[in-house]
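J.: The sequence isn't on hand, but the structure is:
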């Protein structure tokens with residue numbers, strides 16, 4: 001074990017220790033001192049993970065905690081295995097936690113020491129970080145469940161941070177109950193795999209299944225574990241908790257939920273498939289590819305449609321996350337290094353842009369106590385910097401070059417053209433629709449564009465008006481840090497598309513991620529039997545640039561049509577408006593009604609999704 005690998009346990013222990021200090025002695029610190037301590041702690045964690053990401057190079061770092069290494073091929077110890085995809089996700093989590101801490105320095109205005117909890121919020125953020133980092137780096141399936149639950153519990157508490165108010169508590173309960181059912185599914189699936197193989201390390205489970213014919217027990221375990229990961233990834237029909245949680249969570253928490261936590265759900269699904277189920281005793285690649293390409297397309301289109309119809313700005317951004325998660329799932333489900341590289345680049349660029357947009361919505365909530373697009377019409381004219389950054393974030397969501405979202409989208413589209421060309425219109429339309437919705441809201445709020453919106457009663461709708469401000473003095477001047485943080489995040493998203501060395505490193509990491517034999521060899525200490533798959537090309541192409549520009553133009557056109565289209569006169573304009581109203585009644589209203597806010601409905605949809613996955617995997621096992 002190298003010196004760098006010996007530091008892997010510290011990536012989990014360090015934020016846990018910081019959370020303990022802030023929740024214990026930190027309770028008596030002034031809020032500023034607690035924030036300073038948490039920021040310094042998170043900065044050290046970021047530096048540690050950056051060093052480990054660089055040290056991983058084109059290989060993997062493996063650490064058996066406390067020296068409990070395998071004996072005769074069997075182990076009872078805890079293994080941490082970091083390649084550049086896993087370490088990169090942990091690094092992304094650390095970067096966004098640091099951004100959230102910096103943003104929150106002036107976000108909550110009341111002195112926390114009045115309630116005796118000066119370090120409560122930063123302690124929960126560090127606890128959340130420990131769960132995310134452990135989940136990204138573990139090589140053991142049961143420990144993945146432990147970290148899955150740790151980040152879930154921290155996320156539930158952060159969502160209900162304003163626990164004295166009913167709506168945050170309701171959103172957190174929906175989130176917690178859905179997440180708890182997902183956790184039970186994961187635990188049951190792990191139990192079935194342990195009964196089948198007698199192993200818990202991912203690599204060892206994969207090797208044991210590879211020596212057995214496909215069977216219903218392993219297939220059922222896959223469906224259960226996949227369901228848990230898809231709940232975290234907010235894929236349809238497991239996504240219902242996401243808009244409710246985002247609507248009520250503090251804006252710094254939304255930056256983490258959409259910026260990295262949902263991506264970790266997709267990572268968990270792919271890690272389990274590649275290391276456990278990609279062999280002879282697992283799930284055939286074609287079945288996995290077809291199932292999750294369809295699921296990804298459905299997720300992307302559902303998110304885009306509901307995003308466009310939202311006026312509650314936090315829900316609008318949450319549905320945009322659902323739409324983009326569908327695209328990431330489609331790219332990764334191709335099961336090629338190029339598709340994986342595209343998904344990783346796309347997700348990295350999206351993390352910076354989406355976290356910035358949630359931070360900017362927090363500025364509106366800070367200033368006006370509202371996130372209602374219609375009610376805020378023209379009220380943000382004096383917030384010039386926030387408006388400009390929001391427009392930039394919208395264009396980043398559209399995939400405008402040279403943002404990292406544009407590069408990731410271009411690489412994913414290129415991979416899709418060779419693996420599933422029917423998905424190309426989805427990759428063009430979904431980013432354009434979600435970006436158009438954000439651009440429409442930005443122009444309406446910050447520029448007063450378009451006529452005063454007329455009230456529509458097409459169906460159930462959450463407006464976002466009458467929100468409780470997340471600060472107690474919304475008339476104060478917007479703190480500078482609340483604009484600096486989103487500007488830095490958008491700059492980071494831009495850097496992903498401009499730094500060719502970073503893109504090449506991610507391409508190398510994607511090739512390594514798609515090499516289960518190499519992963520198993522690294523964890524078990526055996527030499528690799530053969531070279532892994534080739535590194536894909538990831539660079540700007542003329543086609544990718546043109547598609548990115550086309551998406552941005554389409555987003556701008558849709559925003560303009562929404563803002564100024566209602567003022568157009570004539571029979572053609574009237575016919576278009578009538579057709580749009582009919583489409584809303586026929587397609588959008590039923591979708592909205594499914595999002596009832598009732599936890600029982602959400603759990604019922606989760607059960608339906610689990611049943612569908614169970615049917616597919618069982619049929620696979622019988623065919624095998």
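T.: Perfect, I can see it now. None of the values given here were measured: they were computed from a predicted structure.
J.: Buried ones in stretch 240-258, by neighbour count?
T.: 240-258 (16 or more other CB atoms under 10 Å). Every C-beta, even on glycine, is put in place using the N, C-alpha and C of the backbone.
J.: tell me the mean pLDDT for it?
T.: Mean pLDDT, computed over stretch 240-258, is 91.
J.: cool, and stretch 49-62?
T.: pLDDT averaged over stretch 49-62 gives 85.
J.: What of stretch 411-422?
T.: Averaging pLDDT residue by residue across stretch 411-422 gives 92.
J.: Quick check: buried residues in it?
T.: By neighbour count with 16+ other CB under 10 Å, stretch 411-422 contains the buried residues 411-416, 419-420.
J.: And stretch 193-208, by the same measure?
T.: 193, 196-197, 199-208.
J.: Ok, stretch 538-547 next?
T.: Buried, per 16+ other CB under 10 Å, within stretch 538-547: 538, 540, 544-545, 547.
J.: where along the stretch 201-350 of the chain do the helices fall?
T.: 202-210, 216-233, 241-248, 251-256, 262-272, 285-308, 313-333, 337-368 (DSSP state H, counting those that start in this stretch).
J.: Out of these, which is closest to residue 493?
T.: When the helices of the stretch 201-350 of the chain are compared by CB to CB, helix 337-368 sits nearest residue 493, at 3.3 Å.
J.: chain center to the closest one: distance?
T.: Its chain's C-alpha centre and that of helix 337-368 lie 9 Å apart, by CA atoms, centre = their mean, to the nearest Å.
J.: what's the angle from that helix to helix 262-272?
T.: Here the directions of helix 337-368 and helix 262-272 differ by 160 degrees (axes from the mean of the first three to the mean of the last three CA atoms, to 10 degrees).
J.: tell me which strands and helices helix 337-368 is in contact with?
T.: With contacts taken as 3 or more CB pairs under 8 Å, 6 or more residues apart in numbering; DSSP states H and E, helix 337-368 sits against helix 84-103, helix 251-256, helix 262-272, helix 313-333, helix 384-397, helix 404-419, helix 481-498, helix 500-513.
J.: Can I get those helices in a markdown table including distance to residue 24?
T.: A markdown table is the format used below for these (distance: least, CB to CB, whole Å):
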| stretch | distance to residue 24 |
| --- | --- |
| helix 84-103 | 18 |
| helix 251-256 | 22 |
| helix 262-272 | 28 |
| helix 313-333 | 33 |
| helix 384-397 | 37 |
| helix 404-419 | 39 |
| helix 481-498 | 27 |
| helix 500-513 | 38 |
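J.: between these, which one is nearest to residue 177?
T.: helix 262-272 (17.0 Å).
J.: so what does that closest one touch, helix or strand wise?
T.: Looks like helix 262-272 contacts helix 84-103, helix 120-137, helix 141-159, helix 216-233, helix 313-333, helix 337-368 (3+ CB pairs under 8 Å, 6+ apart).
J.: Of all those helices, which one is nearest residue 426?
T.: That would be, of the helices and strands packed on helix 262-272 and by CB to CB, helix 313-333, which comes in at 7.1 Å.
J.: Can you name every helix or strand that that closest one contacts?
T.: helix 241-248, helix 251-256, helix 262-272, helix 285-308, helix 337-368, helix 404-419, helix 424-447.
J.: quick one: which of these is nearest residue 330?
T.: helix 285-308 (3.6 Å).
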